[in-house]
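Student: What shape does this take:
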Amino acid sequence: MARSGDAVSLSCIYDLQGPLYTIKWYFNDNEFYRFVPKALPTQHSYPVNGMKVDIKNSDENGVTLINVSRELTGLYKCEVSEDMPTYHTAMKEQHMQVVDVPDTDPVILADKSRVEPNEILKANCTSGTSHPAPNVTWTLNGAYLNNETMEFKITSRKIPKGNMMMTWSSLELKAASGLFRDSRLGLRCFANIDGIYTATAEYEITEDAPLLAPITGDASPHRGSK
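Tutor: Sure thing, here's the model as predicted:
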């Protein structure tokens, strides 16, 4: 997996019994790079829509692509051939996905910033637009939500935005008194795309606990014994 705009180096590992004759690289069955040790020049690239080969950083061991875009998601193949007399040929293939990551961080919105103990808190987290859509997860006070110690419901859906996607996640949480830390709840949502992109948003909820009325009144006079 790679980000749009990055340079990507693809490696081809092989073990030959004889000398190398040629290495060919394919994208979805279209050849885009060839290395032939006996030829002059030894390297040659072929036009593929949206692809730019960095010849200076490519050789018999791999090929480097510059400024990759989402249209370069697909199947990449490396074909290695031995020189005569056998001309034995072997091929390996691997799928690569190019991701358009969000250009904005996720945002949390809540229905209130103060809640009473055991009140239902409603919040939602909206990611930035990307392709594919991010996965969204929640934490409370730095820990992932736990069904055994909390009452909550999460609803998530992925929403198309033109040729991109976004993720919307809704949280309903019972703000039990035991969940508060120093009279606060720290909500955080994470937007993640398979480890290649992670961003977070935070929102703090304050406990709206009733105040105890002060004790007032005159103290009874102390009577000493005679």
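Student: ranges for the helices of this structure?
Tutor: Counting by DSSP state H, the chain has no helices at all.
Student: and the residue nearest the centre of it, how far is that from Tyr144?
Tutor: Nearest to the mean C-alpha position of the chain, counting by Cα atoms, centre = their mean, stands Ile193 at 2.1 Å. Distance of Ile193 to Tyr144, given as Cβ to Cβ, to the nearest Å: 19 Å. For the C-beta atoms, the positions are set from N, CA and C on the backbone; glycine is no exception.
Student: same thing with Phe32?
Tutor: 43 Å.
Student: And for Tyr26?
Tutor: Taking Cβ to Cβ, one finds Tyr26 at 43 Å from Tyr144.
Student: circling back to that earlier point, which one of Phe32 and Tyr144 is surrounded by more residues?
Tutor: Phe32 (21 against 9; other Cβ atoms under 10 Å).
Student: quick one: low-confidence parts of this structure?
Tutor: 210-226 (pLDDT under 70).
Student: what's the offset of stretch 103-121 from the middle of its chain?
Tutor: 23 Å (Cα atoms, centre = their mean, to the nearest Å).
Student: and it, how far apart are its ends?
Tutor: Start-to-end span of stretch 103-121 (Cα to Cα, to the nearest Å) is 29 Å.
Student: who's in contact with it?
Tutor: Identification of contacts with stretch 103-121 by Cβ atoms under 8 Å, 6 or more residues apart in numbering yields 122-129, 134, 136, 171-177, 180, 185, 187-191, 199-210.
Student: Now for the nearest residue to Phe32 once chain neighbours are set aside: which residues touch it?
Tutor: With Cβ to Cβ, 6 or more residues apart in numbering as the criterion, Phe32 has its nearest non-adjacent residue at 4.6 Å, and that residue is Val48. Going by Cβ under 8 Å, 6+ apart, Val48 touches 27, 30, 32.
Student: Dump those residues to JSON lines, plus distance to Pro41.
Tutor: Shown next, in JSON lines, are these (distance: Cβ to Cβ, whole Å):
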{"residue": "Phe27", "distance to Pro41": "21"}
{"residue": "Asn30", "distance to Pro41": "21"}
{"residue": "Phe32", "distance to Pro41": "16"}
